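Participant: For reference, the sequence and a predicted model appear below.
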Amino acid sequence: MIHELDGEAPADTTTGHYPASISAIDRSAFARVYPILLRNGHRAQPMANVSHDQNFKNLILDYPRDALAFFAAEEAPLPEDDARVIPIRQEQLQERLGERYRELDTPLLVEWADGHREAILFALEEESDRRRFSLHRLAHYCLDLAELFDTDRVVPVTIFLRTANAVPSSLTLGTERTRYLTFDYLACKLGEIPADRWRQSDNLVARVNLPNMRSPESRKVEIYAQAVRGLLALEEDGDKRAKYMEFIDIYAGLTENEFRRYQRQYPKETNVMAGAFQRARDEARQQGMRQGRVEGERMVLERLLRRRFGIVSPDITEKLSEASTTELETWAENILDAETPDDVFDSGLHGTPNG
């Protein structure tokens, strides 16, 4: 059971029963914005459809400077550098690279204002399964980027979610006589990084990734708590707190008993995040009352899409603006299981009509 809302009976998230006054939009916001509340007394359900690529892309785009400092420390700008980090527009890449474009890769251009270093293009990708990693594909992609932006200063970075002992460290093309091409890359193997090295870090990207790092199973709750504390200390925005509380929750994977122990040992952090969720929900309701139910639900769904998948395309914005209340509620339910934005509008996801 979770805490009571507006004096009604609490929601039972194991059966999907919610208080009658909570709309589908509220249920989706409730489920996506603060999943830790959903299992207050229940273990969180496994997220089989989690898009790790999308999770890390969002993290990199929200905190590009911290992402480079953590994932690519060897080449990243120093904290004192007057450097600008510019995400490369997806439309530009898709138009120029065509079929070779990978939506979930994240290129970042770094420019130094004083010119003491030439601009560097970082090509970051996440791999949750080392067996899918292709060094040939990464090399091809980096060569495409180098040609597209007319630069030789490209830094390939691969983030391995788990241990990756068997992945190749470099690629060499040639014969016994001559090497004609050598390709290296930076590999960040999260599962091999000691969590203790980063548990007190002021790098937000590192702190929310503490559950992905190496630590004894017996310290799982402690590492989870350090990740939450880092998020609360380093991020003041309520929406981003909620968004990356979910990130931490997904990758920590606490059991029911572990989560209860966390609640007992760290009540302050639990209460802060509960309050953050309630404020987000109240704001959404107020917006709905001010602008009408349909418009309010459209705004909340758009916010959920942005949190889940990043930038919302003009086509999706238009689709939302023309939708009925029923369609918006259906799509809000779909967002819980969707892997891509298109899945949200898939009529077959929950057997409901598509708008």
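Facilitator: Structure's in. What do you need?
Participant: so what's P211 up against?
Facilitator: K220, I223, Y224, A227, I248, Y251, A252, G253 (CB atoms under 8 Å, 6 or more residues apart in numbering). Quick note: C-beta positions are derived from backbone N, CA and C, even for glycine.
Participant: same question, E192
Facilitator: T163, A164, R214.
Participant: Just say helix, strand or coil for the second one.
Facilitator: Just to be clear, that refers to A164. At A164, secondary structure determined by DSSP: H, G, I helix; E, B strand; the rest coil is coil.
Participant: Could you list which residues are in contact with the closest residue to it other than its chain neighbours?
Facilitator: With CB to CB, 6 or more residues apart in numbering as the criterion, A164 has its nearest non-adjacent residue at 4.4 Å, and that residue is R130. Shown in contact with R130 (CB under 8 Å, 6+ apart): F160, R162, T163, A164, A166, V167.
Participant: same thing but at 10 Å, please
Facilitator: T158, F160, L161, R162, T163, A164, N165, A166, V167, K189, G191 (CB atoms under 10 Å, 6 or more residues apart in numbering).
Participant: any idea how far it is from E302?
Facilitator: 36 Å (CB to CB, to the nearest Å).
Participant: Dump the contacts of E192 into CSV; add neighbour count, pLDDT and distance to A72 as well.
Facilitator: Listed next are those as CSV, based on neighbours: other CB atoms under 10 Å; pLDDT from 0 to 100; distance: CB to CB, whole Å:
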residue, neighbour count, pLDDT, distance to A72
T163, 13, 78, 19
A164, 20, 80, 16
R214, 15, 96, 20
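Participant: Kindly reformat the residues you listed as CSV containing distance to P87.
Facilitator: Converted to CSV, those look like this (distance: CB to CB, whole Å):
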residue, distance to P87
T163, 29
A164, 26
R214, 30
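Participant: Among the residues you listed, which one lies nearest to A242?
Facilitator: Lowest distance from A242 to these (CB to CB) belongs to R214, with 27.4 Å.
Participant: Now the phi/psi pair for that closest one, please.
Facilitator: Phi and psi for R214, reported as degrees, to the nearest 10, are phi -80, psi 130.
Participant: Now do the contacts for it.
Facilitator: T163, K189, L190, G191, E192, I193, P194, A195, D196, R197, I223.
Participant: How about the most centrally placed residue in the chain, nearest residue that isn't a chain neighbour?
Facilitator: What sits nearest the mean C-alpha location of the chain, by CA atoms, centre = their mean, is N55, with 2.3 Å. Closest residue to N55 apart from its sequence neighbours, by CB to CB, 6+ apart: F247 at 6.0 Å.
Participant: List just the nearest of the contacts of R130 to W331.
Facilitator: Nearest to W331 among the contacts of R130, counting by CB to CB, is L161 at 28.8 Å.
Participant: For burial, what's the neighbour tally of the residue nearest to that closest one when sequence neighbours are not counted?
Facilitator: Leaving aside its sequence neighbours, L161 sits nearest to S128 (CB to CB, 6+ apart; 4.4 Å). By the measure other CB atoms under 10 Å, the count of residues near S128 is 16.
Participant: cool, and I223?
Facilitator: 21.
Participant: tell me the SS of it?
Facilitator: At I223 the chain is in helix, as set by three-state DSSP.
Participant: In this structure it contacts L210, no?
Facilitator: Yes. Counting by CB atoms under 10 Å, I223 touches L210, with 5.1 Å between them.
Participant: residues shared between the contacts of those two?
Facilitator: A195, D196, R199, I248, A252.
Participant: Identify those among those residues that sit within helices.
Facilitator: Secondary structure from DSSP state H places I248, A252 of those in helices.
Participant: okay if I get the shared contacts of I223 and L210 as CSV plus pLDDT?
Facilitator: Listed next are the shared contacts of I223 and L210 as CSV, based on pLDDT from 0 to 100:
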residue, pLDDT
A195, 97
D196, 97
R199, 95
I248, 93
A252, 93
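Participant: Farthest-apart pair in the shared contacts of I223 and L210, please.
Facilitator: D196 and I248 (17.2 Å).
Participant: More neighbours: these two, which one.
Facilitator: A count of neighbours by other CB under 10 Å puts I248 above the other of D196 and I248, at 26 against 14.
Participant: Tell me how many other residues crowd the nearest residue to that one once chain neighbours are set aside.
Facilitator: In this structure, I248 finds its nearest non-sequential neighbour in A227, 4.7 Å apart by CB to CB, 6+ apart. A227: 28 surrounding residues under other CB under 10 Å.
Participant: Equivalent analysis for L234, please.
Facilitator: When neighbours are counted by other CB under 10 Å, L234 comes out with 19.
Participant: Checking R84 next. Helix, strand or coil?
Facilitator: Assigned with three-state DSSP, R84 falls in the strand class.
Participant: Then A227?
Facilitator: helix.
Participant: ok, it to F149 distance?
Facilitator: 35 Å.
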